[in-house]
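A.B. asks: Provided below for reference: sequence and predicted model.
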Amino acid sequence: MIARRGLLQATAALPALPAAVRAADGVALPPLPLSDKRLANGLRVVGLPMPGAGTVAVQVWYRVGGKDDPPGRSGFAHLFEHLMFKRTARLPDEAFDRLTEDVGGSNNAFTAADVTVYTNDVPANHLERLLWAEAERMQNLRVDAGNFASERDVVKEELRERVEADPYGRLFEALPGLAYQRHPY
């Protein structure tokens, strides 16, 4: 409820945003020393080195989201977001959580219309293991009937909590289609 109220307040403040941006026009920000490379397999890797940092943040973005759900399979992208934390050929169920959380890190994920994003924060000395685990789940995910059914039920419950039971949930689901009549979403 508080988050929704905050969203409504932020939306109400949007008309003032252009003035705030204009006020910041005179501020010169130094460019970030980004590294942007495309690997032989097509994977794009963008990095921002921070020498001496004790932790690393890794995000993996897939250009697939809710808009890619097959007809009659609404929520499929979100379901696969959940399944990506399950078993692979070399990692048992929930091992991804153990690789991050047991070393003081964290992980999360979200699915939007256009993307599915996995976020990880771990101590810097665990970067190589984290990248190995990301590659492992990208290439060798194993989905079985038990995991599929379990995560399908979790995703259905999230829908009930966030949309169907929330007084504003249906409004926020319907709003993009009502606000952007000529947009594909």
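C.D. replies: Great, that's in hand. Being a predicted model, the structure only gives us computed values, none of them experimental.
A.B. asks: and the pLDDT at the residue of the chain positioned farthest from its centre?
C.D. replies: When each C-alpha in the chain is compared with the mean C-alpha position (CA atoms, centre = their mean), G26 comes out farthest, at 33.1 Å. At G26 the predicted local confidence, pLDDT, stands at 75.
A.B. asks: next one: it from L32, what distance?
C.D. replies: Counting by CB to CB, to the nearest Å, the separation of G26 from L32 is 20 Å. Backbone N, C-alpha and C define where each C-beta goes, glycine included.
A.B. asks: again, but for V117
C.D. replies: Between V117 and L32 the computed distance is 20 Å (CB to CB).
A.B. asks: just D121 next, same as before
C.D. replies: The spacing between D121 and L32, counted by CB to CB, is 19 Å.
A.B. asks: more neighbours, these two?
C.D. replies: Applying other CB atoms under 10 Å to D121 and L32 shows that D121 carries more neighbours, namely 16 against 7.
A.B. asks: hey, what's L141 bridged with?
C.D. replies: L141 has the following beta-bridge partners by DSSP bridges: T88.
A.B. asks: in a helix, the residue farthest from the centre of the chain, correct?
C.D. replies: No - the assignment for G26 by DSSP: H, G, I helix; E, B strand; the rest coil gives coil, which leaves it out of any helix.
A.B. asks: quick one: low-confidence ranges for this structure?
C.D. replies: Within the chain, the set of residues satisfying pLDDT under 70 comprises 1-24, 184-185.
A.B. asks: just the helices in it please.
C.D. replies: For the chain, helices defined by DSSP state H occupy the ranges 2-12, 17-23, 76-83, 95-101, 127-140, 145-159, 169-179.
A.B. asks: looking at those helices, which is buried most?
C.D. replies: Ranked by average neighbour count under the criterion mean count of other CB atoms under 10 Å, these are headed by helix 76-83 at a mean of 20.
A.B. asks: tell me the angle of it relative to helix 145-159?
C.D. replies: Using axes from the mean of the first three to the mean of the last three CA atoms, to 10 degrees, the direction of helix 76-83 lies 120 degrees away from that of helix 145-159.
A.B. asks: burial count for the nearest residue to E134 once chain neighbours are set aside?
C.D. replies: Excluding the flanking residues, the one nearest E134 by CB to CB, 6 or more residues apart in numbering is V60, at 5.5 Å. In terms of burial, V60 registers 17 neighbours under the definition other CB under 10 Å.
A.B. asks: beta-bridge partners for V60, please?
C.D. replies: Partner residues in beta bridges with V60, using DSSP bridges, are Y118.
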